[in-house]
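Participant: Provided below are the primary sequence and the corresponding predicted coordinates.
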Amino acid sequence: CDPSEGRVATFLNKLSDRWTVRWGFYYVDNAGVTREGDFIVLGPHGGVLVLEVKGGRIRHFSFTGNWESDLAGQSDHPLNQLDQEWKGVLGQLQENAEFGAVPHVARALCLPNEVVLPEQTSWNGIPRTHLFSANDLATPAAFAAAWRRSFPEPDTEVRPKQTQHFLNALGSNSQPEKLREFTDHTEAIFREQIVSRYELLDVLAGNRQLLIEGGCGTGKTWLAIEQAVRYAESPAVRTASNGDNRMSEDGSDVLFLCYNKALTIYVRDLLGHRPLQRGTITVLSWEELADQVLVDCGIPNSPPDPATASSDEMRSYYEQEMPGLLMECATEAALRFRLRLFDALVVDEAQDHDTRLPDTVGAPDDTCGWWTLYTAMLNEGNAARMALFYDCPQRPPFRDHGAFDPQALAATLTQPAFVRLPAAVRYTRQIFSYLRSLQGEGTDDLIASFGSARMLPEGPPVETVHYAADDASDATRVVEALLKRWRDSGLCEPNDVLILHVRKDLAATPLGGCTRLLNLPLVETSAAEVESQSDGESKPAIRHTTIHKAKGLDARGVVLVGLHPFEELNTASFRHTFFMGASRAKQLLGIVIAKQ
């Protein structure tokens, strides 16, 4: 676009979310020629403004009556062009008036390179009421003051139906191909925003140990992957047979730890697409690491069979017996020398890796939970390079929040540096706003950890649809209809959707024994990822999993099934679970609930 138009767009994008802006639209002029206009703005108190940018020279020569312009052949009065744009916009609003009365429509020329004082009544013969000048674009407050020249009516908050009317009439280019192109571009925007955050790692490169905190959607996993690659491709300090330290130029061996299985497979797949110049990255889940450590130390690992063991037996093994065995491996010299050693450590979702074990485990007093084991597996111990990514509010309420303490962990390291990611970067404005509305005990800390979010891309509104609770097949029909609507409109392909629920067994959810949707297999996400890895390509399928297992994952579209409406949830745990499920969505979120 013209640089002046670009500057106006940049300014309008800084206005609050109460303003709605359409940049670029088509209208038919008096000669029947289709032309492109600049901006249409819906104000926070109602009223639509047609804004045409004039960035070049624009003067009126009264001797001939012509207007001087930088553009060849444009000598007509600029208000004539603006008037034709205004009529085109008004006509589109009138054609889509089923949502109520047509709002008041005003028009103005925008002169980003000219200063016109507020007290002037005209400029080059153009009434001041039809002008927005550079000083009107200086601040949002100045813009709002200029807006009141065109809309002097008393302020009344814009109605949701009026916004919908505006979008229906002027949100054109809504053909499936155009919407698919738009949402694909939004994914590219997310990637650009996350990649731009890699600069933070450049700034922090001189720090040996990073504790990076960030809320949902701040790009922690992508930063963790990038940092792991940087560690792997950098030299490592190795101890020679004579006890001297030397720099190894063949890269570093990096341990990348996750907590849940699905995130582990996801990270492993992403790193599989990042060829290394040197070094290695080993991605392990907590359970995989525990199994490897016990095997290396010659200790049989015999966890209870989940199909037959009671919950008390499972809890006793994973919270008492296994931690006790692993602490022996980490602290007893006869076992510790058997551990595989790495040069650097990266941990994603670090808040799930306890810094404090139950007293009944019998670990030595100077241990720091699982981290005692992790540092025992590093060549340089607690002085090794490491990057830990965490968000304490994402730790589930049913797990002791005090069992992970970043300050206690930092006290065991030699050069810890704390960093906080300032804002979410992988949500549309609609998803972000919806998540911020989910306030209550159990979610307030999650919302606070978001930070601010500026210039998020647009996207579809969050949808809530209902199924008949007394009809066993109705939930499946409703979910399938939602996925079909997203697909047919071009918003999202079904295999880009993640269905989330709270039951371990899909059969216990409202979807019951459903195995296919839209003629695609419905598969548990870990199984789907493993299958795609086995043959090197992803097979079309619709993924599902529990909200708890989906931590760290995201999807273009997410459907929540089997949850109660957020406003009806009466415990912090239920609210936390609802929020975590909704926060997995990047662009589309559908909430499928039973009719009351």
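Facilitator: Nice, I can see it. In this text the structure is predicted, and so the values were computed from the model without any measurement.

Participant: and the residue positioned nearest the centre of the chain, what does it touch?
Facilitator: Closest residue to the average C-alpha location of the chain: R426 at 2.4 Å, with CA atoms, centre = their mean. By CB atoms under 8 Å, 6 or more residues apart in numbering, R426 lies in contact with 190, 193-194, 217, 219, 554, 586. Heads up, the C-betas are built off the backbone N, CA and C, glycines and all.

Participant: one more pass at 10 Å, please.
Facilitator: 186-187, 189-191, 193-194, 216-219, 221-222, 432, 456, 554, 583, 585-587 (CB atoms under 10 Å, 6 or more residues apart in numbering).

Participant: and the gap between P127 and Q84?
Facilitator: Using CB to CB, to the nearest Å, we find P127 at a distance of 18 Å from Q84.

Participant: cool, D250 as well?
Facilitator: Using CB to CB, D250 is found at 69 Å from Q84.

Participant: related to what we said a few turns ago, SS state for the residue nearest to the centre of the chain?
Facilitator: coil (DSSP: H, G, I helix; E, B strand; the rest coil).

Participant: give me the pLDDT for it.
Facilitator: R426 carries a pLDDT value of 91.

Participant: do N242 as well
Facilitator: For N242, the predicted pLDDT is 58.

Participant: so for P127 and Q84, which sits in the more crowded spot?
Facilitator: Applying other CB atoms under 10 Å to P127 and Q84 shows that Q84 carries more neighbours, namely 18 against 13.

Participant: excluding sequence neighbours, find me the nearest residue to that one.
Facilitator: D29 (4.6 Å; CB to CB, 6 or more residues apart in numbering).

Participant: pretty sure G324 sits in a helix.
Facilitator: Yes - when three-state DSSP is applied, G324 is found to be in a helix.

Participant: and for it, the neighbour number?
Facilitator: When neighbours are defined as other CB under 10 Å, G324 has 15 of them.

Participant: what's the answer for L179, then?
Facilitator: Using other CB under 10 Å: L179 sits among 17 other residues.

Participant: R485 is in contact with that one, correct?
Facilitator: No - at 11.6 Å, L179 does not count as touching R485 under the criterion of CB atoms under 10 Å.

Participant: quickly list what's touching both of those two.
Facilitator: By CB under 10 Å, 6+ apart, L179 and R485 have these common neighbours: 491-492.

Participant: show me where the stretch 101-250 of the chain has its strands.
Facilitator: Using DSSP state E, counting those that start in this stretch, the strands of the stretch 101-250 of the chain run over 105-111, 122-123, 126-127, 131-133, 209-213, 236-239, 245-248.

Participant: adding distance to P323 and mean pLDDT, write the ones you listed out as JSON lines.
Facilitator: Below are these laid out as JSON lines (distance: least, CB to CB, whole Å; pLDDT from 0 to 100):
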{"stretch": "strand 105-111", "distance to P323": "65", "mean pLDDT": "90"}
{"stretch": "strand 122-123", "distance to P323": "76", "mean pLDDT": "85"}
{"stretch": "strand 126-127", "distance to P323": "77", "mean pLDDT": "86"}
{"stretch": "strand 131-133", "distance to P323": "66", "mean pLDDT": "92"}
{"stretch": "strand 209-213", "distance to P323": "23", "mean pLDDT": "97"}
{"stretch": "strand 236-239", "distance to P323": "29", "mean pLDDT": "76"}
{"stretch": "strand 245-248", "distance to P323": "32", "mean pLDDT": "70"}
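
Participant: quick check: pLDDT value at D305.
Facilitator: 87.

Participant: count the neighbours of it for me.
Facilitator: 9.

Participant: and the gap between it and Y317?
Facilitator: 11 Å.

Participant: for the residue lying closest to T515 once chain neighbours are set aside, list the residues it contacts.
Facilitator: Distances taken as CB to CB, 6+ apart place L522 nearest to T515, at 5.7 Å, with adjacent residues excluded. The contact partners of L522, taken as CB under 10 Å, 6+ apart, are 476, 479, 494, 499, 506, 511, 514-516, 528, 541-544.

Participant: buried set for stretch 395-406?
Facilitator: 395-397, 403-406 (16 or more other CB atoms under 10 Å).

Participant: let me redo that: stretch 405-424
Facilitator: For stretch 405-424, burial by neighbour count (16+ other CB under 10 Å) applies to 405-406, 409-410, 412-413, 416, 419, 421-424.

Participant: distance between the ends of it?
Facilitator: With CA to CA, to the nearest Å as the measure, stretch 405-424 spans 23 Å from end to end.

Participant: test my guess that G362 contacts M327.
Facilitator: Yes - contact criterion CB under 10 Å: G362 and M327 qualify, at 7.7 Å.

Participant: and those two? which has more neighbours close in?
Facilitator: M327 (21 against 12).

Participant: name the helix or strand for the more buried one, please.
Facilitator: Element membership for M327 (DSSP states H and E) is helix 322-331.

Participant: what's that helix in contact with?
Facilitator: 287, 289-291, 293-294, 296-303, 316-317, 334-336, 338-339, 354, 357-358, 360-364, 366-367, 369-377.

Participant: the residues you listed in helices, which ones?
Facilitator: 287, 289-291, 293-294, 296, 316, 334-336, 370-376 (DSSP state H).

Participant: filter those residues down to the buried ones.
Facilitator: 287, 289-290, 293-294, 335, 370-376.

Participant: let's have these in JSON lines, adding distance to W123.
Facilitator: Listed next are those as JSON lines, based on distance: CB to CB, whole Å:
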{"residue": "E287", "distance to W123": "71"}
{"residue": "L289", "distance to W123": "71"}
{"residue": "A290", "distance to W123": "74"}
{"residue": "V293", "distance to W123": "77"}
{"residue": "L294", "distance to W123": "80"}
{"residue": "L335", "distance to W123": "84"}
{"residue": "W370", "distance to W123": "69"}
{"residue": "W371", "distance to W123": "68"}
{"residue": "T372", "distance to W123": "73"}
{"residue": "L373", "distance to W123": "73"}
{"residue": "Y374", "distance to W123": "68"}
{"residue": "T375", "distance to W123": "70"}
{"residue": "A376", "distance to W123": "75"}
